[in-house]
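Q: next come a sequence and a model predicted from it.
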Amino acid sequence: MTIFLEQIINGIIIGSMYALIGSGIALIYGTMRVLNLAHGEFYMMGGYLVFFLVVAYAVPPWLAIPIAIAAIFVLGMLVQRLTIAYLLPREEWAFATIAATLGLSIFLQNLALILFGEQFQSIPYYLPGVVEIAGLRLPQQRLLMLVVAVITIAIMTFVLAKTRFGWALRATSQDKDAAAVVGIPAARIYTLTFGIAAALGCIAAAMLAPIYAVNPWMGMPVLFKGFVVVILGGLGSFPGAIVGGILLGIVEAVGVQVTSSEWRDVIAFGLMILVIWVRPWGLFGKPR
Amino acid sequence: MLEIEGLDVFYGDFQVLWDVSLTVGSAEVVAVLGPNGSGKSTVLKAIMGLTAAKRGRITFEGHDLRRVPTHGKVDLGISMVLERRRLFGAMSVQENVLLGAYSCRDKAEIARRLEWVESLFPIIAERRGQEAGRMSGGEQQMVAIARSLMSKPRLLLMDEPFLGLAPRIVHQILDIIRKIHAEGISVVFNEQNVQLSFGLSDRGYLLESGRVVLSGTGDEMLSSDVVRRVYLGG
């Protein structure tokens, strides 16, 4: 029973990371209707940035992680300006953006391979201790992941609900022309949204890198998990992605406990297929 | 204050506006008339930049509007009520109206504008928290006009403001447009019904297949054979 409970808690913690990745994909899809196939590579670059800062330059993690997040935020905006912003006004933008982000994903993976090599790199735990609560043993590192995820989601929820930018983002996602007509600069909102989504991926990378390894291909599985999350929650829905992420984490953890770890992805994609089957608009979406 | 000269607009390879010229003076109400598919809406969309112009000049108080992005036109003093209202359906009435003042950062000024808009449309204050998408068409049109007024425009473009509304609501909207005009705001609207339009506008332009075939004051146009020919095909 204790092991089972520990697994559920672990599932929630990993799920909160899926939520960060999925919510980035959802924000980008929700505002500009672009499927960002390079999302995993922002995660990968974030992982490498944290690795180099912490391991090679001995920067303390509490400083290294914010630096990495800021850098990936700027990089995300730059990438959006140079690719998506240029393609969106075109007639064939829907396919063009998929092709462009897929190309970018392949390019960045190979660039990382050339620059950093194929070795798997590891980052030491930021907090090495273990906490015992009511007979449950939890590594402090995992607890830290949960705390970071909760704070990030709380900040994002506040930004979307209460700030001028959040209003503009929600208005633009609902109706681009109506937003432009009231004076909202959609292009600027798109660029900022892309940067924020990339930064959310970097936060997940910074927290997961000590547990998984840093390598050029680390973004791919994460991208697929992100898609599962977004489909569970409803395409383009931010709260949907949060709930979808945590749900996926729990189902995976329990499923692996019942079967074995080789079944992890089978369970994840099985859940996705089930949702597409019975509720194709996702948990938070609306049927069309 | 607004001048359009030699405007050509294409949708893909298909030309929808041919050499359209039109002017709107200060505090003037101008109707853009014509049957379905004559390009009325395209004229308004091209002014706002929602549809790209291929050739021609569009200037507003000396500014070349073709060089200004849509959101920038709001800062110049132009606002638009889109066809079929296009409210942010998942947001409240209050949020919709406040978004109309997006480009204004002065809270006191926003409060003043809100008070003004609420005096024109009491429904805004009554239904503050209601989800805009759940209102009736006529109520949504009121919110849409209120939203467009929150940017304090000097020129208001209204794309099919009467489309699909009950006669009683049409009369309410007509009254509102008269009030807006009385505040010194220029209004350009499009409408199929000529009689209805000239109850409201100083001047009109009649479009047929993307070309201006007639323009003038209400009396001039109502007595013209061209109107009868365009509408009745006689």
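A: Arrived safely, thanks for sending.
Q: with adjacent residues omitted, what lies nearest to B:Phe198?
A: B:Gly218 (3.4 Å; Cβ to Cβ, 6 or more residues apart in numbering or on different chains). No exception for glycine: its C-beta is placed from N, CA and C like everyone else's.
Q: can you pull out the strands in chain A?
A: A:130-133, A:136-139 (DSSP state E).
Q: tell me which of these approaches chain B most closely.
A: The closest of the strands of chain A to chain B is strand A:136-139. By Cβ to the nearest Cβ, the value is 38.5 Å.
Q: given the closest one, what are its sheet partners and their directions?
A: As defined by DSSP bridges, the strand partners of strand A:136-139 come to strand A:130-133 (antiparallel).
Q: list the buried residues of the partner strand.
A: Of the residues in strand A:130-133, none has enough neighbours to count as buried (16 or more other Cβ atoms under 10 Å in any protein chain shown).
Q: what sits up against the lowest-mean-pLDDT helix or strand in chain B?
A: Taking mean pLDDT, DSSP states H and E as the measure, helix B:225-232 is the helix or strand of chain B with the lowest mean score, a mean of 79. Contacts to helix B:225-232, defined as Cβ atoms under 8 Å, 6 or more residues apart in numbering or on different chains, come from residues B:34-35, B:194, B:206, B:208, B:213-214, B:221, B:234.
Q: tell me the pLDDT of the residue in the stretch 151-288 of chain A positioned nearest to chain B.
A: Chain B sits closest to A:Gly183 of the stretch 151-288 of chain A, with a gap of 3.4 Å, by Cβ to the nearest Cβ. For A:Gly183, the pLDDT comes out at 95.
Q: for the residue nearest the centre of chain B, what are its contacts?
A: Taking Cα atoms, centre = their mean, the centroid of chain B lies closest to B:Met158, which sits 1.5 Å from it. By Cβ under 8 Å, 6+ apart, the contact set of B:Met158 is B:44, B:80-81, B:145, B:177, B:187-190.
Q: low-confidence stretches in the chain?
A: I'll assume chain A. A:288 (pLDDT under 70).
Q: chain B is the one I meant
A: For chain B, the ranges with pLDDT under 70 are B:232-234.
Q: please enumerate the helices of it.
A: Secondary structure of chain B (DSSP state H): helices at B:40-48, B:70-76, B:93-99, B:107-120, B:122-126, B:137-149, B:167-182, B:194-198, B:218-222, B:225-232.
Q: so which bits of the longest one are buried?
A: Residues B:169-170, B:172-173, B:176-177, B:180-181 are the ones in helix B:167-182 that count as buried (16+ other Cβ under 10 Å).
Q: the last one now?
A: For helix B:225-232, burial by neighbour count (16+ other Cβ under 10 Å) applies to B:227, B:230-231.
Q: and if you look at the fifth one?
A: Taking 16+ other Cβ under 10 Å as the neighbour-count basis, helix B:122-126 is seen to contain the buried residues B:123-124.
Q: contact partners for residue 23?
A: In the absence of a named chain, this looks at chain A. With Cβ under 8 Å, 6+ apart, A:Ser23 has these contacts: A:153, A:156, A:197, A:200, A:238, A:241-242, A:245.
Q: other chain: chain B
A: Counting by Cβ under 8 Å, 6+ apart, B:Thr23 has contacts B:2-4.
Q: any chance of those in a markdown table, plus neighbour count?
A: Listed next are these as a markdown table, based on neighbours: other Cβ atoms under 10 Å in any protein chain shown:
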| residue | neighbour count |
| --- | --- |
| B:Leu2 | 22 |
| B:Glu3 | 16 |
| B:Ile4 | 23 |
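Q: would a markdown table of these with distance to A:Arg164 be doable?
A: Below are the contacts of B:Thr23 laid out as a markdown table (distance: Cβ to Cβ, whole Å):
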| residue | distance to A:Arg164 |
| --- | --- |
| B:Leu2 | 30 |
| B:Glu3 | 34 |
| B:Ile4 | 33 |
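Q: narrow those to those in strands?
A: B:2-4.
Q: out of these, who's nearest chain A?
A: B:Leu2 (16.3 Å).
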